[in-house]
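A.B. asks: sequence below, structure please.
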Amino acid sequence: MTEERRRYTRVDFDAEAAISQGGVSYPSQIVDVSLNGILLDTPDHYELRADSPADIFIRLSDETNIHMRATLVHSGTHVLGFHCDSIDMESITHLRRIIELNMDDPHASERVLAELITPR
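C.D. replies: Just a heads-up that it's a prediction; the model follows:
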């Protein structure tokens, strides 16, 4: 059995996302998300550079969005993995709540908070 090396809790989250880089935007669907990154379905036709950050937008409602600046760290036929480089305070608050609500752990709030405050 392999040991789990992830430091951040990943949760499945079914929502639409948009990947924007170099003035071009690509629609996608979220596979899972963490405080450290996001896994998205691979768009049908896309051109993304791994050496340049992309903006990921998640629309939660008409008034609520999550925006993160992220770097493409792996790509495949079915999924694209991004590492979160930066995220604003309002977005991290929404993301933290999404993760808490989607965890099957009664101590989810404490665990996610520890992930936020522990130095990398």
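A.B. asks: all contacts plus neighbour counts: C-alpha atoms, from now on.
C.D. replies: Noted.
A.B. asks: and the nearest residue to residue 13 once chain neighbours are set aside, what are its phi and psi?
C.D. replies: Leaving aside its chain neighbours, residue 13 sits nearest to residue 32 (5.4 Å; criterion: Cα to Cα, 6 or more residues apart in numbering). Backbone torsions for residue 32, taken as degrees, to the nearest 10, come to phi -150, psi 170.
A.B. asks: nearest spatial neighbour of residue 46, skipping sequence neighbours?
C.D. replies: Residue 46 sits nearest to residue 26 (Cα to Cα, 6+ apart), 6.8 Å away.
A.B. asks: for the one you found, the count of nearby residues, please.
C.D. replies: 17 (other Cα atoms under 10 Å).
A.B. asks: export the top helix by length along the chain as CSV, just CAs?
C.D. replies: If you go by DSSP state H, the chain has its longest helix at helix 89-102. Extracted C-alpha coordinates of helix 89-102, given in CSV (Å, rounded to 0.1, in the frame of the first residue of the first chain):
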residue,chain,number,x,y,z
MET,A,89,-8.6,36.2,0.7
GLU,A,90,-12.2,36.1,-0.3
SER,A,91,-11.5,33.2,-2.7
ILE,A,92,-9.6,31.2,-0.1
THR,A,93,-12.5,31.7,2.3
HIS,A,94,-15.0,30.2,-0.2
LEU,A,95,-12.6,27.4,-1.2
ARG,A,96,-12.0,26.5,2.5
ARG,A,97,-15.8,26.3,3.0
ILE,A,98,-16.2,24.1,0.0
ILE,A,99,-13.6,21.7,1.2
GLU,A,100,-15.0,21.6,4.7
LEU,A,101,-18.5,20.9,3.4
ASN,A,102,-17.3,18.1,1.2
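A.B. asks: which elements pack onto it?
C.D. replies: strand 11-12, strand 65-75, helix 108-117 (3 or more Cα pairs under 8 Å, 6 or more residues apart in numbering; DSSP states H and E).
A.B. asks: run through the bridge partners of the residue nearest in space to the middle of the chain.
C.D. replies: Centroid-nearest residue in the chain: residue 38, 2.7 Å away (criterion: Cα atoms, centre = their mean). Residue 38 has these beta-bridge partners by DSSP bridges: residue 33, residue 82.
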